[in-house]
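K.L.:
below are the sequence and a predicted model for it; my questions follow.
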2 protein chains.
Amino acid sequence: MDISATASASSIVFEALRKAIIQGELEEGEPLRQDEIARLFNTSRIPVREAISRLEEQGLVKIRRYKGAVVTELSPGETEEIFNLRALLEPEIIRNAVPRMTPELLAEAREKCAAFSASQDPMTWGDLNRDFHETLYSASDLTFFKEIARNAIDRVERQIRAQLVMSNGMERAGVEHDAIITACGAGNADHAAELTRRHIQGAKASLLEHLREA
Amino acid sequence: MDISATASASSIVFEALRKAIIQGELEEGEPLRQDEIARLFNTSRIPVREAISRLEEQGLVKIRRYKGAVVTELSPGETEEIFNLRALLEPEIIRNAVPRMTPELLAEAREKCAAFSASQDPMTWGDLNRDFHETLYSASDLTFFKEIARNAIDRVERQIRAQLVMSNGMERAGVEHDAIITACGAGNADHAAELTRRHIQGAKASLLEHLREA
DNA sequence: ATAAATCACATTGGATCCAATATTCAATAT
DNA sequence: ATATTGAATATTGGATCCAATGTGATTTAT
């Protein structure tokens, strides 16, 4: 079933560009050339333009007429605001998710958590971190909350990755992940939510401190 | 300055379709025919398709490949979730806005508030209501919060309008607006935030009750 | 008469082409 | 030498055309 659900060219390009942006392969402020992208995907500029339109609606790029699209740049103040948004939304997602977590899902999340802490390769930290959180969130049925949170995370994913590699970012994240999943396992939704909020606020604080130094 | 900032065809079509959807001119589930829309705006299907791509990213339409786009339908559960999202975000926007409100802005908001309560034409209630809230929010500098809130409101604008015309919707909204703006005028940000939260929760409750009846 | 198959039409997805604007760089004037 | 103008090039926005898929009516077989 679900035959012929092949993705359209436009959605393939969209997902690929999204990934390239949040992974930092495309720098902030870097222009997206339609022709170049079209050649890259063996397609025409039409699907590329639809993909770029979508990216702008997601806030990942800015379009200026006849000038093209560039990867959105965030000021420290804007970064802080998005972390505050996350600190408001994601605890609610966790609170909703905890009573819906099956033993299987908890086991999977523990694996992801361990994989994150065990990884030695900084290139994978961002993905493993996100993978862990998304696994927890997947138990929640708050589809819109998750949609917004996903977009908020997308917008600051680059900074999250930066935060992980700096000072004791990984170490602290690992400890906090352990605490969150313990609370989830104990079925303590409120505590898991509060830990998630602090996890996000903590990341924000250390990130902003780092930005101030630089 | 800022000459030649003419809007592209695609953004004109996007805004027009967005308006048509949130105002209910296009029914839930109604298909959007690219050709028809293109003719309507004296343009080709290309800008129309970019506009529709944007609308999907905003959640206002759903696209199914080779079948086209239809106006998104919301279940009562989804409607409730979006109101809960609003109840989380909009109080924060107000809390942030209150200390930034100038006397001029307060005066403008009072006018909008009065215009809303005074209007006898149900067709205008939705716009006047939104106009009032947006005026208050405009004082806030939480651009992302406002962006998300705007989208959340877009998605349930139809239901908000329905809620206003039913039972004592207008009357209650008028009273609650008065209380909110009084708190804003007094500089009591926390109280204004709490009143906003209750305003949204109240609208949600009466809307859901109405949906259960029908 | 009914159900399956087929064909014509409608609609969307994508490619190619043209127009409008921006950018670059050389030529010219001061 | 530097600033300015203007042409050549690059890039985006939009129109038109073609291919792929869906839809609905009609035909045909049972």
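P.N.:
Perfect, I can see it now. Note that the structure is a prediction, hence the values are computed from the model and not measured.
K.L.:
okay, CA-based contacts and neighbour counts for the rest of this
P.N.:
Noted.
K.L.:
how close does the residue nearest the centre of chain A get to A:R161?
P.N.:
Closest to where the C-alpha atoms of chain A average out (CA atoms, centre = their mean) is A:I153, at 3.6 Å. Applying CA to CA, to the nearest Å, the value for A:I153 to A:R161 is 11 Å.
K.L.:
could you verify that A:K19 is part of a helix?
P.N.:
Yes: under DSSP: H, G, I helix; E, B strand; the rest coil, A:K19 sits within a helix.
K.L.:
what residues does chain A put near DNA strand C?
P.N.:
Applying CA under 7 Å from any atom of the strand, we find that chain A lies next to DNA strand C at A:S8, A:A9, A:S10, A:N42, A:T43, A:S44, A:R45, A:I46, A:P47, A:R65, A:Y66, A:K67.
K.L.:
could you turn the buried ones of those residues into a PyMOL selection?
P.N.:
Per 16 or more other CA atoms under 10 Å in any protein chain shown, the buried members of the residues of chain A next to DNA strand C correspond to this PyMOL selection:
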select buried, chain A and resi 9+10+44+45+46+47
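K.L.:
of the residues of chain A next to DNA strand C, which is the nearest to B:A193?
P.N.:
A:R65 (38.5 Å; CA to CA).
K.L.:
now the closest one: closest residue in space, sequence neighbours ignored.
P.N.:
Once flanking residues are discounted, A:R65 sits nearest to B:S8: 7.5 Å by CA to CA, 6 or more residues apart in numbering or on different chains.
K.L.:
now do A:G126
P.N.:
A:R161 is the one closest to A:G126 (CA to CA, 6+ apart), at 5.2 Å.
K.L.:
the helices in chain A, which residues?
P.N.:
Along chain A, counting by DSSP state H, helices occupy A:9-22, A:34-40, A:45-57, A:76-97, A:103-118, A:122-137, A:143-165, A:169-185, A:189-213.
K.L.:
so which of these gets nearest B:R33?
P.N.:
Using CA to CA, the nearest of the helices of chain A to B:R33 is helix A:45-57, at 17.0 Å.
K.L.:
low-confidence regions, chain A specifically.
P.N.:
A:1-5, A:214 (pLDDT under 70).
K.L.:
what sits against A:I52?
P.N.:
Residues near A:I52 by CA atoms under 8 Å, 6 or more residues apart in numbering or on different chains: A:F14, A:V61, A:A69.
K.L.:
which residues does the first one contact?
P.N.:
Residues in contact with A:F14 (CA under 8 Å, 6+ apart) are A:V48, A:A51, A:I52, A:R54, A:L55.
K.L.:
if you set the cut-off to 7 Å instead, what comes out?
P.N.:
Each residue near A:F14 by CA atoms under 7 Å, 6 or more residues apart in numbering or on different chains is listed here: A:A51.
K.L.:
separation between it and A:R54?
P.N.:
Taken as CA to CA, the span from A:F14 to A:R54 is 7 Å.
K.L.:
check the second one too.
P.N.:
A:V61 is 9 Å from A:R54, where distance means CA to CA.
K.L.:
check the last one too.
P.N.:
A:A69 sits 12 Å away from A:R54 when distances are taken as CA to CA.
K.L.:
quick check: residues of chain A near DNA strand D?
P.N.:
Counting by CA under 7 Å from any atom of the strand, chain A sits next to DNA strand D at A:4, A:31-35, A:46, A:49, A:63-69.
K.L.:
again, 6 Å this time
P.N.:
A:L32, A:R33, A:Q34, A:D35, A:R65, A:Y66, A:K67, A:G68 (CA under 6 Å from any atom of the strand).
K.L.:
from these, which is closest to chain B?
P.N.:
A:R65 (7.5 Å; CA to the nearest CA).
K.L.:
give me phi/psi at the closest one?
P.N.:
Backbone torsions for A:R65, taken as degrees, to the nearest 10, come to phi -50, psi 130.
K.L.:
number of residues surrounding A:A115?
P.N.:
16 (other CA atoms under 10 Å in any protein chain shown).
K.L.:
quick one: the nearest residue to it once chain neighbours are set aside and DNA strand D, what's the gap?
P.N.:
Nearest residue to A:A115 in three dimensions, chain neighbours excluded: A:L128, at 7.2 Å (CA to CA, 6+ apart). From A:L128 across to DNA strand D, the span is 33 Å (CA to the nearest atom of the strand, to the nearest Å).
K.L.:
that older thread, out of the helices of chain A, deepest packed?
P.N.:
Among those, helix A:45-57 has the highest mean neighbour count (mean count of other CA atoms under 10 Å in any protein chain shown), at a mean of 23.
K.L.:
helix A:9-22 and that one, what's the angle between them?
P.N.:
50 degrees (axes from the mean of the first three to the mean of the last three CA atoms, to 10 degrees).
K.L.:
figure out how far helix A:45-57 is from the centre of its chain.
P.N.:
20 Å (CA atoms, centre = their mean, to the nearest Å).
K.L.:
before we move on, what about stretch A:97-105?
P.N.:
Per CA atoms, centre = their mean, the centroid offset for stretch A:97-105 relative to its chain is 21 Å.
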